[in-house]
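Trainee: coords below, sequence missing:
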């Protein structure tokens, strides 16, 4: 349900209502009893104050130079001088990260001190966007065999190959891409939920808190990033191509990733996170 809002208006509403929710969260920490219960819940020290970014959130240093937005929405300052950083989700699902392929690759390499193999970078551009040969490949009947005009047209419009096309082009290459997502699933989740492109660890989220004080949803669940990482590492069998539109998504233990506006759009799912963390052991 979009209440009659178009996509642009919908994103604006989501952002504004997200900040409204964060402000209400901040006010909750004015209650000493709430602070005490929350401290016990996380196993942290006594809370001195709580601060959210809100509409006046400041930029932080970016691993690629310049500035970027922090994934942290709420910072708890403790009496002992420590800090706890939390990313707040007011919806049980939706976009958690939207980033172009080149920027995703460059940022991931910087954040995790790795070099993504060239064939994986190539496959990412074929599957999501940015490869110079995509439209030429889609003219090859061997790659589009068995696909109807609607699916072929979809790929041409989006400038990408769906999973079925990638497999027909080069199955071993497609398999390596899927294996890369499996091997890096925990880091990818942390990248999306906690680090983003923020350079300094002081700007990374320690927890993801699903809570909505706007009356839209009824949930209150919090995960540590370390628990999410551990749970994902035990559920790599969930990393598979989606079945719709010829495989237009890659399913992840925390949600999925798809093409959106020529970028990689990662989606989160509270239900998925609850399931994998519950079955962590």
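Mentor: Received the coordinates, thanks. Just so it is clear, the structure is predicted and the values come from calculations on it, not from any experiment. Numbers count the residues shown, from 1 in each chain.
Trainee: Report the distance from stretch 130-149 to the chain centre.
Mentor: 29 Å (Cα atoms, centre = their mean, to the nearest Å).
Trainee: same thing with stretch 25-42?
Mentor: 27 Å.
Trainee: in that stretch, what counts as buried?
Mentor: Neighbour-count burial for stretch 25-42, counted by 16 or more other Cβ atoms under 10 Å, picks out 25, 26, 29, 35, 38, 39, 42. For glycine as for every other residue, the C-beta is placed from the backbone atoms N, C-alpha and C.
Trainee: Please apply the same query to stretch 178-194.
Mentor: By neighbour count with 16+ other Cβ under 10 Å, stretch 178-194 contains the buried residues 178, 180-182, 184-194.
Trainee: Name the residues that touch it?
Mentor: Stretch 178-194 is contacted from outside by 71, 87, 96-97, 107-108, 111-112, 116-117, 120, 204-206, 208, 225, 228-230, 232-233, 236, 239-241, 250, 252-254, 266, 268, using Cβ atoms under 8 Å, 6 or more residues apart in numbering.
Trainee: Out of the buried residues of stretch 25-42, which is nearest to residue 102?
Mentor: Checking those against residue 102 with Cβ to Cβ, the nearest one is residue 25 at 34.7 Å.
Trainee: gap between that closest one and residue 212?
Mentor: Counting by Cβ to Cβ, to the nearest Å, the gap from residue 25 to residue 212 is 9 Å.
Trainee: so what's residue 87 bridging to?
Mentor: residue 208 (DSSP bridges).
Trainee: swap in residue 62?
Mentor: Under the criterion used (DSSP bridges), residue 62 bridges to residue 198.
Trainee: what's the answer for residue 67, then?
Mentor: Going by DSSP bridges, residue 67 forms beta bridges with residue 61.
Trainee: gap between it and residue 203?
Mentor: 11 Å.
Trainee: which residues do those two both contact?
Mentor: 60, 61.
Trainee: Those two - which one has more neighbours?
Mentor: Shown here are residue 67 and residue 203; by other Cβ atoms under 10 Å, residue 203 has more neighbours (22 against 13).
Trainee: how near is that one to residue 59?
Mentor: 10 Å.
Trainee: for residue 274, same thing?
Mentor: For residue 274, the distance to residue 59 - Cβ to Cβ - is 32 Å.
Trainee: ok, those two, which is more surrounded?
Mentor: residue 274 (16 against 12).
Trainee: quick one: contacts for that one?
Mentor: Counting by Cβ under 8 Å, 6+ apart, residue 274 has contacts residue 221.
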